[in-house]
Structure formats: C-alpha cells, structure tokens
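Asks: Fold the following, please.
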Amino acid sequence: MPAKKRILITSALPYVAGVKHLGNLVGSMLPADIFARFCRARGHETVAICATDEHGAPIELAALEEGIGPREFCDKWHAVQKKLGDDFGLAWDNFGRSSSPANHELTLHFARQLWKNGFLELKTTKQAYSPTDGRFLPDRYVIGTCPHCGYERARGDQCENCTRVLDPVDLIHPRSAVSGAQDVEIRDSTHLFLKQSQFAGKLRNWIESHKQDWSPVVTSIAFKWLDEGLRDRGITRDLEWGIPVPDDIADGALKGKVFYVWFDAPIEYIAATKEWADRNGKDYRDWWQGPASSSEAVGQTKKDVTYWEFMGKDNVPFHTVGFPVTIMGSGEPWKLVDRLKGFNWLNYDGGKFSTSGKRGIFMDKALEIAPADVWRYYLIANAPESSDSNFTWEHFAGVVNKDLADVLGNFVLRVTKFCVARFDGKLPGEGVYGDEEKALIAELDRRIKTYTDYLEAADFRKAMGELRAIWVAGNEYLTRAAPWTHIKTDRDRAAIGVRMGLNLVHVFAHLTWPVMPELAKTIHLAIQPVGYANGVVPWVDDDTAAALDSLIPGQPITPPEVLVTKITDEQVEELKARFGGAA
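Replies: A predicted model of the protein is given here:
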C-alpha cells in the first residue's frame with residue numbers, strides 16, 4: 001500500500017439556480033468526486049468539499065420572478081441540487097452553502113484582515129443604472145458587445161467567448177438584461193476594491209512554480225491575466241442579497257452594500273470544511289492553516305496536505321488571482337492550492353448547451369435515460385481536458401454499447417453464468433496457473449500501475465483508456481482460455497480459466513469503483529459481499545499475482561442481471577428529437 005497522504009479536494013461551486021447540465025457536471029463535480037473516491041480507495045485521509053453558490057444578482061432577480069424571497073429560493077434549489085448530486089453518486093464530505101453562517105463569518109474575517117493590512121480601498125466607480133428598471137444593474141445583467149473580441153452578448157462581468165473579465169462600462173452598446181432597455185446610464189457608486197495589482201509579482205512567481213503541476217489551459221489563462229496587467233477589482237455590489245459589508249470597514253461608508261459573489265464564494269471552500277470539521281469533532285485549520293513565521297510563508301503552510309481544485313476554464317481567473325490574493329493579503333497562514341485541474345467545454349452536438357432553447361442534457365433528465373454510473377463513465381472517458389469535447393447521441397450509444405455492455409458487462413455475465421452452469425455456482429480450485437495466466441498477470445501488473453499513475457495525476461481520459469484496456473485484456477484471456485471448450489475434455493484446464501475469470505471480475509470491481517460505484521458494487525456482489533469500511537472499495541495496490549488468485553475455492557458465485565442495457569438506433573433517433581440533436 002502507498003504511504004498515506006492527506007488530500008483536500010474542492011469542486012467549483014455550482015450556482016444554486018436551476019438544474020445543472022452535463023457540461024457543468026463533467027467540468028468540476030464529477031472529476032472531483034472520482035478523484036476523491038480514488039484517494040479514499042488508496043487509504044489516503046481525504047476531505048472532499050462542494051457547495052451551492054448562493055449569492056449575487058441572478059438570485060435576487062430569479063427569486064423576484066418566482067415571487068419569493070432569495071432565502072426561500074436558495075433553500076428550494078439547494079435541496080434540488082443536493083438530491084441530484086446524491087443520485088449521481090457525488091459523495092462529498094460536506095455539500096455546503098455559501099449563504100451559511102460559517103461563510104458569513106469567514107468572509108467578514110478575510111475582509112477585515114485585508115482592510116487592516118491596507119489591501120482594500122474605497123473608489124467611486126461608474127456603474128450601470130437602469131431608469132426603466134429603477135435600480136443599479138449588477139455586472140452580469142448588463143449585456144453588450146465585448147470590446148476585445150466583438151462577441152455581441154458579452155456580460156458586464158466576463159465575456160464567455162474570450163473569457164476576459166470585464167466591467168459594464170467596458171461594453172459597447174450596453175443594455176439591460178432584465179428588461180432589454182437601452183437607456184442604461186452610468187452613475188457614481190462607491191465600492192471596496194481589492195488591490196490585486198500589488199500582488200502581480202507574487203502571483204507570477206507562485207503560478208510559475210506550478211507550471212509542471214497545472215494543465216496548459218490553467219496556466220495560459222492565468223498568465224494571460226498577468227500579461228495584460230493586473231487591475232484592482234471591486235469586491236462589493238449594490239444588492240440586498242449577500243453578505244453585508246460591516247460598518248467597521250471604511251467607517252460605515254458602504255452601508256447597504258454586500259460583498260461580490262466572487263469574493264465570498266471561494267471562501268466557502270474553507271467554511272464548508274469548517275462545517276464538516278465541527279460536525280466530526282475536528283479542527284478545520286488542520287486542513288487549511290498552519291504556523292507561518294512571516295507573510296512570505298503564507299500559502300506555503302500545511303505541507304502535509306495536498307490541496308486539489310477542480311473547475312471549468314471560466315472559473316480559472318478567480319482561482320489563480322482573486323482567491324489567492326485574498327489569502328496572501330490576509331497575512332495569515334492559509335493554504336493555497338497545490339494542484340488546479342481546469343477543464344474546457346463539453347459541447348452538445350456541435351453547439352453549446354442551451355436551457356432556454358431546450359438543447360442538451362441536464363442532470364435530472366439524464367437519469368431518466370440511463371443510470372448515473374453509465375453517465376459517469378461516458379463523461380469522464382470523454383472529459384474536455386486538453387480541448388473542448390463534443391457530445392453526440394451516436395457516440396454516447398457507441399461507448400455505452402461497446403465499452404460497458406460488451407467489454408465489461410458481457411465478460412462478467414459469461415464467466416459467472418458459466419461457473420453456475422458447469423461448476424455448481426462455486427469457484428473451482430482445480431489446476432495450477434500456467435504460462436497463459438502468468439502472461440496475463442504481467443500485463444495487468446503493468447496496466448494497473450499505469451492506470452493508477454494516470455488517476456493520481458487526475459489525467460482522466462488516459463486513465464479510462466487504460467481501464468478499458470484492462471477489461472479488454474480480461475476478455476482476450478477468456479477467449480484464449482476457452483473454458484466452454486475444455487470443459488468437455490479437460491475439467492482442470494477449464495477450472496483454471498474460470499477461476500482466473502472470476503478473480504478478474506473481482507479485480508475489475510475494485511478498479512471500477514471510483515468511476516462507477518454502484519455498478520462496481522453489483523459486480524463485486526457477484527463474487528462476494530462488499531463489506532468494506534465506510535463503503536469504500538479498496539484499491540488493488542498489492543501484488544497483482546496475489547490479487548488475481550485471492551478468491552477461495554468453493555465460495556459461491558451469483559451472476560448479476562444484465563449490467564448495462566444497450567441503446568438501440570431507434571432510441572438514438574428518439575433522444576436526438578427530444579433533446580434537440582442534429583437530424
């Protein structure tokens with residue numbers, strides 16, 4: 001077994017409003033969960049954190065449209081997202097809420113530290129105001145043409161086309177996203193600004209130190225921000241819903257304003273960890289803080305903890321600049337991220353997911369089509385790591401039918417059913433492994449090590465390719481061993497093939513568990529009860545030869561029902577019509 005490590009994992013927080021689509025799922029939550037399960041399987045002390053992001057203008061406006069208050073709105077949608085996450089097997093140690101008392105407390109703590117240390121200042125800014133709407137318009141509720149790339153529906157906080165961070169005053173031909181009114185005025189409003197520009201050198205050195213650890217999509221976005229000149233960033237907004245700015249900051253000059261959602265949301269990682277620790281009689285600072293002798297040591301503490309963040313590429317700027325500056329500027333020994341895994345986009349049939357256009361697949365509807373584990377495998381095997389990836393129903397059906405139904409499912413069914421039919425449903429003990437089995441053990445020893453290395457690096461597509469290759473190796477062995485042929489003339493030789501086949505089923509269950517936890521348990525139950533501590537199926541870290549000869553002769557074997565149902569061509573056409581796929 002590997003030396004035990006302490007692993008802290010956070011997923012980018014899904015915005016609380018609405019059901020998330022599969023692009024949201026594969027861009028942060030799913031890979032974080034698979035990585036956390038892998039770490040637990042290897043015996044590492046692991047804490048995996050996520051939460052709903054519950055502040056900001058969209059919540060105010062969406063609640064207004066529903067005729068309820070923001071708190072009631074968030075309560076409703078947090079419950080929906082929690083249930084859908086559970087249904088998809090997302091096993092967080094805590095799924096928190098950024099509107100929690102813990103996050104209020106920590107956000108105010110960081111703000112006060114930054115103010116005390118001189119890294120916040122008051123500035124009077126020009127802000128969009130809509131006379132038609134009778135209110136200041138939050139950044140994302142001003143729409144116009146991006147001055148950098150010309151995208152005509154850029155938001156006032158960020159252009160989703162070129163990822164540039166914007167202010168509403170930057171937009172060309174601005175208009176209200178609430179009413180469509182074009183009588184947008186620019187008025188004065190006083191706000192707190194975080195002096196990010198003072199940290200440009202520290203940030204560059206810190207990001208440079210992680211060039212080998214972070215994916216190119218992450219470092220390229222981070223350096224792009226720095227190369228363009230880091231600007232100070234407003235961290236308060238003219239809203240009612242959010243964490244209010246206290247009077248002891250700026251002598252009450254910001255009464256009635258709240259902190260910007262992107263200031264408090266990352267702090268929720270710490271707050272959600274605190275909630276988990278409080279419930280379990282632990283100290284959250286054991287994961288987030290440690291002694292530091294000077295401000296230079298900030299972020300270099302808790303070296304016994306490796307901190308991983310998972311997110312889509314649109315979130316990278318806030319996690320490589322905004323949140324790190326908050327931590328550095330606090331002057332306290334908070335943990336900075338060690339490994340940041342950023343993802344590109346998952347597109348739907350050549351275009352973007354669209355809620356309003358009813359185009360694409362969302363988490364609730366996905367579960368009406370196939371079990372969660374089928375989606376988990378497909379999505380992570382096609383994760384948009386080095387570039388955008390594209391979902392089509394034909395490709396989905398092909399992967400499900402070939403990888404899961406044929407390669408994995410068929411292998412499990414034929415060897416377990418053959419055992420029942422010819423060996424009375426008991427694992428045979430006759431015969432001794434020969435050259436064929438030794439060759440298979442050598443191949444799988446190599447492949448399992450490679451698979452493990454890929455998962456340790458969170459290199460998911462390569463990992464899934466190796467997992468599939470492990471399944472294929474098992475199939476090829478069983479075809480060569482051909483126990484259904486040898487049973488007629490050489491029972492011992494048939495028994496060897498079946499015994500190895502059943503040991504392979506057992507190993508497959510262990511290797512598959514982080515990706516498809518429920519399917520893995522079903523496979524495992526065909527061989528023997530699961531019965532592991534906390535429901536964690538341990539990794540195959542011991543000698544592969546021992547793992548492939550670990551089952552006890554005579555133990556009962558129970559074939560499962562069909563593991564994965566194939567998707568027909570007719571169903572593909574129906575799904576394309578239902579979800580807006582190309583004809």
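Asks: Verify the stated contact: Thr107 with Phe259.
Replies: Yes: using CB atoms under 8 Å, Thr107 makes contact with Phe259 at a distance of 6.0 Å. To be clear about C-beta, it is placed using only N, CA and C from the backbone, and glycine gets the same treatment.
Asks: Overlap of the contact sets of those two?
Replies: Contact with both Thr107 and Phe259 is made by residues Ile243, according to CB atoms under 8 Å, 6 or more residues apart in numbering.
Asks: State the distance from Asp227 to Ser389.
Replies: To Ser389, Asp227 is 28 Å away according to CB to CB, to the nearest Å.
Asks: cool, Arg40 as well?
Replies: 27 Å.
Asks: What of Tyr532?
Replies: 33 Å.
Asks: Name the residue in the two with the higher neighbour count.
Replies: Ser389 (20 against 14; other CB atoms under 10 Å).
Asks: just checking, next helix/strand downstream of the helix or strand of the chain with the lowest mean pLDDT?
Replies: Least confident helix or strand of the chain, by mean pLDDT, DSSP states H and E, is strand 135-136 with a mean of 82. Downstream of strand 135-136, the first helix or strand assigned by DSSP states H and E is strand 142-145.
Asks: ok, that next one: who's next to it in the sheet?
Replies: The pairing partners recorded for strand 142-145 under DSSP bridges are strand 154-155 (antiparallel), strand 172-176 (antiparallel).
Asks: how about these, which one is nearest Gly501?
Replies: Nearest to Gly501 among the strands paired with strand 142-145 is strand 154-155 (55.7 Å), distances taken as CB to CB.
Asks: Quick one: mean pLDDT for the closest one?
Replies: Confidence over strand 154-155 (mean pLDDT, whole number) is 92.
Asks: is it true that Arg461 lies in a strand?
Replies: No: going by DSSP: H, G, I helix; E, B strand; the rest coil, the assignment for Arg461 is helix, not a strand.
Asks: how about low-confidence regions in the protein?
Replies: Counting by pLDDT under 70, the chain shows low-confidence ranges at 1, 290-302, 354-358, 581-583.
Asks: can I see the domain layout of it?
Replies: If you go by automatic domain parsing, the domain ranges for the chain are 6-111+262-389, 119-198+209-252, 393-547.
Asks: now, of those domains, which is deepest in the fold?
Replies: domain 6-111+262-389 (a mean of 20; mean count of other CB atoms under 10 Å).
Asks: Okay, helices next: where are they in the stretch 351-500 of the chain?
Replies: 363-369, 372-381, 393-399, 410-423, 435-456, 460-481, 483-486, 491-512 (DSSP state H, counting those that start in this stretch).
Asks: Next, format those as JSON lines and append distance to Glu65.
Replies: Supplementary listing: these in JSON lines, determined by distance: least, CB to CB, whole Å:
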{"stretch": "helix 363-369", "distance to Glu65": "20"}
{"stretch": "helix 372-381", "distance to Glu65": "30"}
{"stretch": "helix 393-399", "distance to Glu65": "32"}
{"stretch": "helix 410-423", "distance to Glu65": "49"}
{"stretch": "helix 435-456", "distance to Glu65": "43"}
{"stretch": "helix 460-481", "distance to Glu65": "38"}
{"stretch": "helix 483-486", "distance to Glu65": "63"}
{"stretch": "helix 491-512", "distance to Glu65": "43"}
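Asks: which residue packs closest to Trp214, ignoring adjacent ones?
Replies: Residue nearest to Trp214 in three dimensions, not counting chain neighbours: Leu340, with 5.1 Å by CB to CB, 6 or more residues apart in numbering.
Asks: Just the C-alpha atoms of the helix or strand hosting that neighbour, please, in CSV.
Replies: Using DSSP H and E, Leu340 sits in strand 339-343. Only the C-alpha atoms of strand 339-343 are listed here, as CSV (Å, rounded to 0.1, in the frame of the first residue of the first chain):
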residue,chain,number,x,y,z
ARG,A,339,-2.9,21.2,-8.0
LEU,A,340,-5.5,23.0,-10.1
LYS,A,341,-7.3,21.0,-12.7
GLY,A,342,-9.1,23.1,-15.3
PHE,A,343,-11.5,21.8,-17.9
